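Chemist: Got a sequence here, can you build the structure:
(2 chains)
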Amino acid sequence: MRYGTHDVLTGVSFSANRGEVLALLGPNGAGKTTTIEILEGFRMRSAGEVQVLGRDPAHGDEAWRARIGVVLQSWRDHVRWRVRELLAYLGRFYTPFSTPDQPRPWDVDELLEVVGLTAHANQKIKSLSGGQRRRLDVAIGIVGRPELVFLDEPTAGFDPHARREFHELIHRLADFESSTIVLTTHDLAEAERVADRILVLADGAIIADGSAEELARQMATPAEVRWVQAGERHLHAVTTGDATEFVRRLLATDGGEVTELEVKGASLEDTYLALVNRIESGQQAPGHQAPGRDGVPAGGEGARS
Amino acid sequence: MTTTTTAERHRPDPRAAAVRAGLARGLIEVRQSLTAPGDLIWYFFFPLAFAVVLVFMRGSTVPGTDFALGAMVLPSIVGMSIAFGGLVGAASTLAVEREDGTLLRAKATPNGMLGYLVGKIVNYTLTTLFSLVILVIPAWTVRHDLVMDARSWLVLLGIFVLGMIATVPIGTALGSLMTSSSQTGLLLLGSMLLIAPSGIFYPITALPVWLQWVGQAFPFYWLGLGARSALLPDSLAVVEIGESWRTGEMVAVLGLWAVAGLVLAPILLRRMARRESGSSVAERREKWLTRGM
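Modeler: Numbering: from 1, shown residues only, chains lettered A, B, ... in the order given. The predicted structure is shown next:
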């Protein structure tokens, strides 16, 4: 993907499997939105190969569109409509795409229940709170019972409570509807909580790919050793695995009595922040090109479901 | 998509479903519009303007005749309302709904754009009709001067349909070209200015010739002329250009606008829709918020 002479996405290769929750994690400007808009078919790419539900999103037809749910960032559209009215209206478009194993659209009352808007069904949309409006956006995105749902920064501006509720909704979608979910976030804690797999995107390339645990292992970063020796506080960052050796040497020295000692492995958050820092200060990230998975060639932009 | 052929056969046509959804959308929007104070002010604008005009024109006659000037203005305003409802209405809703993300939602829905457009056509048609019906109230005072037989109603209906076809597509095209909803104010202003050379409140023949040409280039004049031909006695044609209702020319000019609109609108609309994405809507939201409205 290129804007002018600047390549915005250079090494984005990944695939998503059915029922998987995939988080695209990265700092602002990393290319998350660009990636997701290419997958949604809303943005044309300059190069690379993309397959979404077996089709190139640049040439996706309406039947393809019916199998995809897009949760847009809300704004102030349809403010005069009532909640139930809008969901019923949008659902009508999906009826012809109903199949025996994938009945469409979602029953409006049931959907309202799922997103917790039953009490607000007859309210005008402009009277909804921010969190309620966001849940309506999700309801709109999934009203056609999509096999694949895209969410771009779904919890931006949420308070912790709304965020928690939203995460539960994502789990419910993935578990009970077996929808594949691709979401973007710059919040690592959120990615850890909701995603089966996290793709870390920085500077237009995927620099890490895996579950939260795999990521922590993949991205080898320092552990911290803190100690108090002769009444003085010390801190030393070491590469993981070398901490034992460092502590051994520390205790062997004769620098005074060690009264406190702590060895702490870097959390994924530390790792992520260190990584974002490194990217932003212009250094090359380790493993700039992530390996291709499930037969999608590395180097192109690939996504399969 | 893997489906059995039987399911395929029983499935309703997606485009037909979208058209039906669009009809429902139109009716819902009309209901919303007719219960919104802001919109109602707009619908009452021309009837009110006409009522004011009637007060000021008491005793005035169309030059060279003893026909009440107010009675000439009524059909002109009918034509004007059609042009405004179609052109300004279509352009401004499109610009606003593009900015607020409505169009992007339509784009994210299968055949959503088709449903959206059908909804808009229903919406403009019914709301413009509504504003015409309100005109009946002030028009009651000049009813004895007007010709109201089967022919006038038929011609009016024709003018209405032709007027909508001539203005809604071109309004949609203009709306697709706008980059911000604030530009609809300019379109409204321009249309207001066009009232002057369009022979709405005074016969166009009283204007300098070059202004007459300006007026005749736009649908406003021709829709007014058409409505006058429907509601005024034939003797009133003497104050028109060429002392005739020029029905043939009217159909030709409005037809040209319709063709231009029908050719341009889908191209511009498609171009605009293609560029819509989450980030382009987010960008406009930023602009809108910093504008401090």
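
Chemist: need the contact list for residue A:196.
Modeler: A:20, A:21, A:22, A:174, A:211 (CB atoms under 8 Å, 6 or more residues apart in numbering or on different chains). Bear in mind the C-beta positions are built from the backbone N, C-alpha and C, glycine included.

Chemist: Show me which residues of the stretch 51-200 of chain B sit near chain A.
Modeler: Counting by CB under 8 Å from any CB of the partner chain, the residues of the stretch 51-200 of chain B close to chain A are B:97, B:100-102, B:104-105, B:107-112, B:115.

Chemist: hey, where'd the helices end up in the stretch 1-150 of chain B?
Modeler: For the stretch 1-150 of chain B, helices defined by DSSP state H, counting those that start in this stretch occupy the ranges B:5-10, B:14-34, B:37-56, B:69-83, B:89-99, B:102-108, B:112-134, B:136-139, B:150-177.

Chemist: With distance to residue A:231 added, can I get the ones you listed in JSON lines?
Modeler: Formatted as JSON lines, the helices of the stretch 1-150 of chain B follow (distance: least, CB to CB, whole Å):
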{"stretch": "helix B:5-10", "distance to residue A:231": "79"}
{"stretch": "helix B:14-34", "distance to residue A:231": "74"}
{"stretch": "helix B:37-56", "distance to residue A:231": "73"}
{"stretch": "helix B:69-83", "distance to residue A:231": "88"}
{"stretch": "helix B:89-99", "distance to residue A:231": "64"}
{"stretch": "helix B:102-108", "distance to residue A:231": "63"}
{"stretch": "helix B:112-134", "distance to residue A:231": "70"}
{"stretch": "helix B:136-139", "distance to residue A:231": "93"}
{"stretch": "helix B:150-177", "distance to residue A:231": "74"}
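
Chemist: If you average pLDDT over each of the ones you listed, which is lowest?
Modeler: Per-stretch mean pLDDT for those is lowest at helix B:5-10 (a mean of 50).

Chemist: In this structure residue B:85 contacts residue B:123, no?
Modeler: No - counting by CB atoms under 8 Å, residue B:85 sits too far from residue B:123 to count as a contact (10.0 Å).

Chemist: Please spell out the ChimeraX selection for the buried subset of the contacts of residue A:196.
Modeler: Buried members of the contacts of residue A:196, identified by 16 or more other CB atoms under 10 Å in any protein chain shown, are gathered into one ChimeraX selection as follows:
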select /A:20,21,22,174
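
Chemist: Looking at the stretch 151-293 of chain B, which residue is nearest chain A?
Modeler: residue B:277 (3.9 Å; CB to the nearest CB).

Chemist: How many neighbouring residues does that residue have?
Modeler: Counted with other CB atoms under 10 Å in any protein chain shown, residues neighbouring residue B:277 total 24.

Chemist: That one reaches residue B:104, doesn't it?
Modeler: Yes - if you go by CB under 8 Å, residue B:277 and residue B:104 touch, sitting 7.2 Å apart.

Chemist: Mind checking what secondary structure the closest residue to residue A:190 other than its chain neighbours has?
Modeler: Spatially, and ignoring its direct neighbours in sequence, residue A:190 is nearest to residue A:155 (6.2 Å; CB to CB, 6 or more residues apart in numbering or on different chains). Secondary structure state of residue A:155, per DSSP: H, G, I helix; E, B strand; the rest coil, is coil.

Chemist: Report the contact partners of residue A:155.
Modeler: Contacts of residue A:155 by CB under 8 Å, 6+ apart are A:134, A:162, A:163, A:166, A:185, A:187, A:190.

Chemist: Closest one of those residues to residue A:26?
Modeler: Proximity of these to residue A:26 (CB to CB) peaks at residue A:185, which lies at 8.6 Å.

Chemist: Now that the closest one has come up, it's in contact with residue A:27, right?
Modeler: No - if you go by CB under 8 Å, residue A:185 and residue A:27 don't touch, sitting 10.9 Å apart.

Chemist: Those two: which is more packed in?
Modeler: Applying other CB under 10 Å to residue A:185 and residue A:27 shows that residue A:185 carries more neighbours, namely 23 against 18.

Chemist: Contact partners for the more buried one?
Modeler: Residue A:185 neighbours (CB under 8 Å, 6+ apart): A:23, A:24, A:25, A:153, A:154, A:155, A:191.

Chemist: Swap in 10 Å and give it another go.
Modeler: Contact analysis of residue A:185 by CB atoms under 10 Å, 6 or more residues apart in numbering or on different chains lists A:23-26, A:32, A:151-156, A:191, A:193-195, A:198.

Chemist: Then residue B:79?
Modeler: Each residue near residue B:79 by CB under 10 Å, 6+ apart is listed here: B:156, B:159-160, B:163, B:198-200, B:219-230, B:250.

Chemist: try 7 Å this time
Modeler: B:159, B:223, B:224, B:226, B:227 (CB atoms under 7 Å, 6 or more residues apart in numbering or on different chains).

Chemist: who does the helix or strand harbouring the third one touch, helix- and strand-wise?
Modeler: Just to be clear, that refers to residue B:224. Secondary structure from DSSP states H and E places residue B:224 in helix B:219-231. Where contact means 3 or more CB pairs under 7 Å, 6 or more residues apart in numbering or on different chains; DSSP states H and E, helix B:219-231 is packed against helix B:69-83, helix B:150-177, helix B:247-275.

Chemist: how big is the angle separating that helix from helix B:112-134?
Modeler: For helix B:219-231 against helix B:112-134, the angle by axes from the mean of the first three to the mean of the last three CA atoms, to 10 degrees is 50 degrees.

Chemist: Spell out, range by range, the strands that occur in chain A.
Modeler: A:2-3, A:6-7, A:21-25, A:68-71, A:148-152, A:180-185, A:197-202, A:205-210, A:222-229, A:232-239, A:258-264 (DSSP state E).

Chemist: Show me what from the stretch 51-200 of chain A comes close to chain B.
Modeler: Residues of the stretch 51-200 of chain A lying near chain B by CB under 7 Å from any CB of the partner chain: A:62-63, A:65-66, A:70, A:72-73, A:75-78, A:80, A:85, A:89-90, A:92-97, A:99-100, A:140, A:152.

Chemist: Show the buried residues in the residues you listed.
Modeler: A:62, A:65-66, A:70, A:72-73, A:75, A:77-78, A:80, A:85, A:89-90, A:92-97, A:99, A:140, A:152.

Chemist: Among those residues, which are located in helices?
Modeler: Residues of those located in helices (DSSP state H): A:62, A:65, A:66, A:85, A:89, A:90, A:92, A:140.
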